[in-house]
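>>> I would like to see how this sequence folds:
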Amino acid sequence: MLKNYNTEKLHLIKNTLWLGSERIARILIVLVVGLWLARYLGPEKFGLLNYATTIIALVSPISSLSLNTIVVKKIILNQEKTTIIVTNATIIQLIATAIVILIINIYVYSSEYFESEKYIVIAICSASALFHIYFPIKYYYESQINSKIVAKTEIISLILISTVKVFLIIYGYDVYAFAICNVIESAIIFIILSIYFYKKIFDNNNFNIDKKLILSMLNEAFPLIISGLAIIIYMKIDQIMLASMVDIKSVGIYTAALRISEAWYLIPTIICTTMLPKLIELNNFNNGKYFRVLEKQFTVLITFSLVIIFAVSQFSKLIIHTLYGEQYDQSIDVLNVHIWTNLFVFIGLLSGRCYIIHNLHKIMLLQTAIGAFINVILNLFLIPKYGITGAAWASLISQMITNIGLDPLFKETKFLYNIKIQAFIKVINLIPTAVRYAKKDKNGR
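Below is the predicted model of the structure:
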């Protein structure tokens, strides 16, 4: 039994390392190539490229159908139907993606601003959504706690495209070329993962179009799609509203700060993705241990987030000037505010997994819709008064309300609120110990 436990633990650690390797590689390359790109394009064109990708992100819950947790859950509970689940999920995602791309391009081509740079970049970026139909294959490897294949593929694609971007910068290409790079990166991942899955895993004898399964996934996905839209709205609508209420340049300045603030989201993403299969299993077979593990995970995530917040806040000016230059000086105030969203995003990512495990889709939908609504209202009031910093405050307040403040209002989620409070108390109790250790270490030196 001990040997099996150690093997399982080692497997979890290896999977976490593979997930982490891709995220770390992405952060490092973005810091080198992405920040070079921000300097090269300047706030206005950098803002334009990010405005286009934000438009695509706003419709991504529809094109992806928010199937990730659903596919993982179904595969874990029905391993023998892996091929059927993955292929049927891919089919319905392909249809949804085609519809989304069609709608975006109809809007672009029928717009009176069609000839403008803004809408051409949006049209190019929309094509990247087509290749996101590899997501169900990615979900399969997540369900097996085996992210090695996906991580390797994404790292290869990232390195290739980043190399191309370096040459584009050196030879002075315009923003359109970098929009095309986003499409090619998704295409590379799609091709490699598709070949590998259908060569190694796909079972020709166990494949068919399962209408009952498709309807089941769509039924479960509907509240998640709406929830996903709400999440994207209260995480991305600030950039859209800045573009319309201020200008595109403000989007570039704001996004520069977000690149640093949101880079840390990889930590809870890795932890939650790795722990999801284990949490599903514990909830089914060992309820007591499930709650203990859950509280421990919240404690770890809160601790990580606070360490990041204090470190980045202390060196925000140095970080912005070193990475972007003085042309992004306004990003400093944005970063000092927005970095605090890490605390609530870290908590929210784990909460979202718990809602799925406990089939609380409707409550998750309602909470995220409330959060999105609050964010829009706050942006309407704060952007005119405080500009880009007002948008950062709107994000912070809405994240706090959504991921902490709404849990006590629902009977089904009060247990999560209690677990979060217990985790906060544990972290607070650790602070005096940490301070004493720091003083002792300082005096020792």
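>>> summarise which helices and strands the helix or strand harbouring residue 342 is packed against.
Element membership of residue 342 [criterion: DSSP states H and E] is helix 341-357. If you count contacts as 3 or more CB pairs under 8 Å, 6 or more residues apart in numbering; DSSP states H and E, helix 341-357 packs onto helix 68-77, helix 266-285, helix 287-314, helix 361-386, helix 388-400, helix 414-444. In short, each C-beta sits where N, CA and C put it, glycine included.
>>> what about it, distance to the chain center?
Here helix 341-357 shows a centroid-to-chain-centroid distance of 11 Å under the convention CA atoms, centre = their mean, to the nearest Å.
>>> what comes up buried for it?
Of all the residues in helix 341-357, those buried under the rule 16 or more other CB atoms under 10 Å are 341-357.
>>> between helix 388-400 and the lengthiest helix in the chain, find me the angle.
In the chain, taking DSSP state H as the definition, the longest helix is helix 211-245. Interaxial angle of helix 211-245 relative to helix 388-400 (axes from the mean of the first three to the mean of the last three CA atoms, to 10 degrees): 150 degrees.
>>> need the next SSE after helix 211-245, C-terminal direction.
Defined by DSSP H and E, the subsequent element after helix 211-245 is helix 248-262.
>>> and the angle from that following helix to helix 341-357?
70 degrees.
>>> which neighbouring elements make contact with the longest helix of the chain?
Short answer (3+ CB pairs under 8 Å, 6+ apart): helix 211-245 packs on helix 35-64, helix 68-77, helix 82-110, helix 248-262, helix 361-386, helix 388-400.
>>> now do the shortest one against helix 361-386, angle only.
Using the same axes, to 10 degrees, one finds that helix 68-77 and helix 361-386 are set 150 degrees apart in direction.
>>> only C-alpha atoms, please: export helix 68-77 in PDB.
The C-alpha trace of helix 68-77 is given here as PDB (Å, rounded to 0.1, in the frame of the first residue of the first chain):
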ATOM      1  CA  ASN A  68     -12.400  20.800 -20.100                       C
ATOM      2  CA  THR A  69     -13.700  19.600 -16.700                       C
ATOM      3  CA  ILE A  70     -16.600  17.700 -18.300                       C
ATOM      4  CA  VAL A  71     -14.400  15.700 -20.600                       C
ATOM      5  CA  VAL A  72     -11.900  15.000 -17.700                       C
ATOM      6  CA  LYS A  73     -14.700  13.800 -15.400                       C
ATOM      7  CA  LYS A  74     -16.300  11.600 -18.000                       C
ATOM      8  CA  ILE A  75     -13.100   9.900 -19.000                       C
ATOM      9  CA  ILE A  76     -12.100   9.200 -15.400                       C
ATOM     10  CA  LEU A  77     -15.500   7.600 -14.700                       C
END
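>>> buried residues in that helix?
68, 69, 70, 71, 72, 73, 74, 75, 76.
>>> can you tell me what sits against stretch 389-396?
Residues outside stretch 389-396 that contact it (CB atoms under 8 Å, 6 or more residues apart in numbering): 234-235, 238-239, 241-242, 254, 257, 333-334, 337-338, 340-341, 344, 375, 378-379, 381-384, 386.
>>> buried among those residues? Need that as a selection in PyMOL.
Buried residues among those (16+ other CB under 10 Å), as a PyMOL selection:
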select buried, resi 234+235+238+239+241+242+254+257+333+334+337+338+340+341+344+375+378+379+382+383
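>>> how about the closest residue to residue 290 other than its chain neighbours, what does it touch?
In space, and not counting its chain neighbours, residue 290 is closest to residue 282: 3.9 Å by CB to CB, 6 or more residues apart in numbering. By CB under 8 Å, 6+ apart, the contact set of residue 282 is 289, 290, 293.
>>> which single one of those residues is nearest to residue 87?
residue 290 (31.7 Å; CB to CB).
>>> so the closest one makes contact with residue 280?
No - counting by CB atoms under 8 Å, residue 290 does not reach residue 280; the two are 9.4 Å apart.
>>> now stretch 48-60: average pLDDT?
Summarised as a single mean, pLDDT over stretch 48-60 is 80.
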